[in-house]
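[1] Prediction below, plus the sequence it came from.
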Amino acid sequence: MNIGQLKTFKRSAEKIACLTAYDASFAKLFDECGIDVILVGDSLGNVIQGNENTLDVSMEDMVYHTQAVASNVNNALLIADMPYQSYNKAEQTLNNAKRLIEAGAQMIKFEGGAEHQTSFEILQANNIPICGHLGLQPQSVIEMGGYKVQGRDEASAKQIFDDALALEAWGVQTLVLECVPAELAKKISKALSIPTIGIGAGVDCDGQVLVSYDMLGINTNHLPRFVKNFLQDNNSIQAAVNAFIGAVKDKTFPGDEHSY
Ligand code: KIV
């Protein structure tokens, strides 16, 4: 799987299935099941480190987990998250992105829109593939007043739409849309030539991502409505992952009950 293939998926309307992984064993299993994309998410702050949010995840943590995952991935595209405050300034963004690429990521992801224009531009100028992340941005959970659906009113929906167009213009090659109304995600996905990967953003995104610990029922905390436990009706982790991939590809996940 490479970045060019992501666009081919979008053109041919094949949905992209993505799961998070943080270690070699899960990464190998997901890869062998045929997952398209693996994300080393800074959600490791929640599910690995046991914190309330992702704000304490460091660059060292991300490099360590990216190396572990990369060592066992042969087919899936590997994306790694830039942690909180690791992309405040353009030069800092470039240096930290290079560390994640050296650790084995093929693409880096960070949260936010036009406020990070210089970071997007410096990565584009240095040919570092970028995945954007709009809608609910967990690293801004305090500013956003909690884990809330974004883009419900006209002004904030327009802001997210405009940011999505700007990100594509600044070289972003894939866009995660988290917790936005399904109609908005559909409009954005139609307007962009790059693929969107949704989480709580409805079935019309070009792909879907879930936190693996959530979709396997390992995370027993209160979970948002967009999560489905795929292990519940399957008798192995492999079967659950295959069910997730199948449900994304045939558009039976997410259903209306997982969307806003
Ligand atoms: O950190 C993460 O796992 C993520 C996904 C929720 C998209 O960013």
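    Sure thing, it's come through.

[2] can you pull out the helices in the stretch 151-260 of the chain?
    154-169, 182-191, 212-215, 237-249 (DSSP state H, counting those that start in this stretch).

[3] Throw the ones you listed into CSV and include mean neighbour count, mean pLDDT and distance to residue 108, thanks.
    C-betas here are computed from N, CA, C, even on glycine. Compiled in CSV, those are given as follows (neighbours: other Cβ atoms under 10 Å; pLDDT from 0 to 100; distance: least, Cβ to Cβ, whole Å):
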stretch, mean neighbour count, mean pLDDT, distance to residue 108
helix 154-169, 16, 98, 13
helix 182-191, 19, 98, 21
helix 212-215, 25, 98, 19
helix 237-249, 19, 98, 23
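
[4] so which of those helices comes closest to the ligand?
    Of all those, it is helix 212-215 that lies closest to the ligand, at 8.9 Å by Cβ to the nearest ligand atom.

[5] How about residue 96: what's its closest non-neighbour residue?
    The shortest distance from residue 96 to any non-neighbouring residue, by Cβ to Cβ, 6 or more residues apart in numbering, is to residue 86 (4.6 Å).

[6] Backbone dihedrals for that neighbour, please?
    phi -100, psi 0 (degrees, to the nearest 10).

[7] OK, contacts around it?
    By Cβ atoms under 8 Å, 6 or more residues apart in numbering, the contact set of residue 86 is 59, 62, 92-93, 96, 110.

[8] Provide a PyMOL selection command restricted to the buried entries of those residues.
    Selecting only the buried entries of those in PyMOL, with 16 or more other Cβ atoms under 10 Å as the criterion:
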select buried, resi 59+62+92+93+96+110
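
[9] Which residues of the stretch 151-260 of the chain lie near the ligand?
    Applying Cβ under 6 Å from any ligand atom, one finds that the stretch 151-260 of the chain approaches the ligand through 176, 178, 199, 209, 211.
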